[in-house]
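Novice: Would you be able to build a 3D model of this:
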Amino acid sequence: MVVDDDALVCEMLSYIIQNEGFVSITALDGESALKNLPTEKPDLMLVDFKMPGMNGMEVMIQAKALEPDLPVVMITAHADIEGAVEAMRAGFFDYLAKPFDNQDVIRVIHRALSEARLKRKIRHLSGRIQANEFLRDLMGPSDAVTRLITEVNSVADTDFSVLILGETGSGKELVSQALHRSSLRSEAPFVAIDCGAIPETLFESELFGHARGAYTGANHQKPGKFEMAHGGSLLLDEISNMPLGSQSKLLRALQEKKIYRVGGTKACDVDARVLAASNLDLEAQAVKGDFRDDLFYRLNEFTIRIPPLRERKEDILYLAKRFLDQTGKDLDKPVKGLSENAVRALVSHSWPGNVRQLKTTIRRAVLLADGVVEEQHLDLKGGVGAAKLPAKVTDVPWQGEPLREIVFRCMAMVERQVIQQVLQRTGGNKAKAARLLQVDYKTLHTKVKNLGLTAPVDGKG
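Specialist: Residues are numbered from 1 along each chain as shown. This is a model prediction of the structure:
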């Protein structure tokens, strides 16, 4: 964007810019430049310092308030070293002196755009690291979560529609938020709509908005979730609950990148990446005719399946400890930890309600406990798979149990006993125990913590 009250200067700079392969837009005053800034979204501004009304300094300050990373180059007819230094201190990227040398203009433009790209890349990589940590912190350290993070990273920078499948309470919205945070759209809005919580008669109005007078009570034009998510990500949570009539309109919006407000006749351009979450097998729903198969194939450009908590046993104690600490703070009630029996009960439970159920269970247990959370505080009696971790292999209850559950409990029991014995042998020195067991120190430290093992205090951790 070139901003100069001299139309000839605007024309000359536009010619140089376009010859270099860029697109230029011009403004003859600061007010119109700032008015067009949100819609035009230029990558660079060239602004005359002395203009009637709003001068170049004011334009730069207000432009950077709207777009903090936008490089602004000052155009001046009175260039000197002192003035250039002051301009840079004030926030200008660089300056160009009139009359222009074409090569100087091209060099400044390329340098400004290159540095802006580098800043965006660094910020994007930083956001991705934070998103990875966010997912691992809230879901756990298991290999399954690591695979989820890898899948999120592989698709984050694309505009693929992503289908996120998982049981209720398994973390579908967390994964969708991580996808948004890791994407190139991370600075734009993340908007979620629960397809099961909106009456069918209001669904299209919520999704696409409505025009004034569309129906009784529609006194004002209202944007829908699609428009609110423009430039960012739109999560359609529990999409299997979307009315069939609305599904065809969603498909059209995805294909044309346009929507029509309810009661409106003018198409609105939308640019929102769609993420869809479901606790049902959408392909099976499509086969049965309960979900449009053409919409399923349009949404299914990339699928992320979240394993239930019962298949992420390594995350159970990590999350339990996290919820225990947080609830202790919330209730201002210090809790020392989990008893050995409580640990066994947590690990062996099947958690049909997944992480949501685990959180509720721990919060209630902290409320009831006095010092240490015991098995009775968990109130898991009668729960599916609530058998205790066996003391030895011959104690494993095999009748009515799947092999995977039996093997896991045996492995957990063996792992716990081996680590306990090695810690006793090393006098509680976890660094030495890690070397003997040929595992990373941090891995062993995490296992000791999650398994609730006790050992003499060592010199490291």
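Novice: Tell me where the stretch 151-300 of the chain has strands.
Specialist: Secondary structure of the stretch 151-300 of the chain (DSSP state E, counting those that start in this stretch): strands at 162-165, 190-194, 209-210, 222-223, 233-237, 258-260, 267-269, 273-278.
Novice: where do the helices sit along the stretch 151-300 of the chain?
Specialist: Listed in chain order, the helices of the stretch 151-300 of the chain (DSSP state H, counting those that start in this stretch) span 172-182, 200-208, 225-228, 244-256, 282-288, 293-299.
Novice: Nearest to residue 424, out of those?
Specialist: The closest of the helices of the stretch 151-300 of the chain to residue 424 is helix 172-182. By Cβ to Cβ, the value is 38.7 Å. (Each C-beta comes from the backbone N, C-alpha and C, glycine too.)
Novice: Could you list every helix and strand in contact with the closest one?
Specialist: Applying 3 or more Cβ pairs under 8 Å, 6 or more residues apart in numbering; DSSP states H and E, we find helix 172-182 packed against helix 102-139, helix 143-156, strand 162-165, strand 190-194, strand 233-237, strand 273-278.
Novice: so can I have TSV of the ones you listed showing distance to residue 220 and mean neighbour count?
Specialist: Shown next, in TSV, are the helices and strands packed on helix 172-182 (distance: least, Cβ to Cβ, whole Å; neighbours: other Cβ atoms under 10 Å):
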stretch	distance to residue 220	mean neighbour count
helix 102-139	35	15
helix 143-156	36	17
strand 162-165	33	23
strand 190-194	20	18
strand 233-237	22	24
strand 273-278	26	25
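Novice: Where does pLDDT dip in the protein?
Specialist: Counting by pLDDT under 70, the chain shows low-confidence ranges at 78-85, 124, 127-128, 131, 216-218, 381-409, 450-452, 454-461.
Novice: any idea how it splits into domains?
Specialist: Using automatic domain parsing, the domain parsing of the chain gives 2-117, 140-307, 313-385, 389-461.
Novice: out of these, which comes closest to residue 125?
Specialist: In terms of Cβ to Cβ, the element of the domains of the chain nearest to residue 125 is domain 140-307, at 9.8 Å.
Novice: For stretch 363-372, C-alpha coordinates in CSV please.
Specialist: Taking Å, rounded to 0.1, in the frame of the first residue of the first chain, the C-alpha atoms of stretch 363-372 are listed here in CSV:
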residue,chain,number,x,y,z
ARG,A,363,-12.4,-33.8,42.4
ARG,A,364,-14.9,-35.8,44.5
ALA,A,365,-12.2,-37.9,46.0
VAL,A,366,-10.2,-34.8,47.1
LEU,A,367,-13.3,-33.4,48.7
LEU,A,368,-13.8,-36.5,50.7
ALA,A,369,-10.2,-37.4,51.5
ASP,A,370,-8.2,-36.4,54.5
GLY,A,371,-4.5,-36.2,53.6
VAL,A,372,-4.3,-39.2,51.2
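Novice: Mind putting the strands of the stretch 151-300 of the chain into JSON lines with distance to residue 5?
Specialist: Shown next, in JSON lines, are the strands of the stretch 151-300 of the chain (distance: least, Cβ to Cβ, whole Å):
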{"stretch": "strand 162-165", "distance to residue 5": "48"}
{"stretch": "strand 190-194", "distance to residue 5": "40"}
{"stretch": "strand 209-210", "distance to residue 5": "39"}
{"stretch": "strand 222-223", "distance to residue 5": "36"}
{"stretch": "strand 233-237", "distance to residue 5": "41"}
{"stretch": "strand 258-260", "distance to residue 5": "38"}
{"stretch": "strand 267-269", "distance to residue 5": "32"}
{"stretch": "strand 273-278", "distance to residue 5": "40"}
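Novice: Done for today, thanks.
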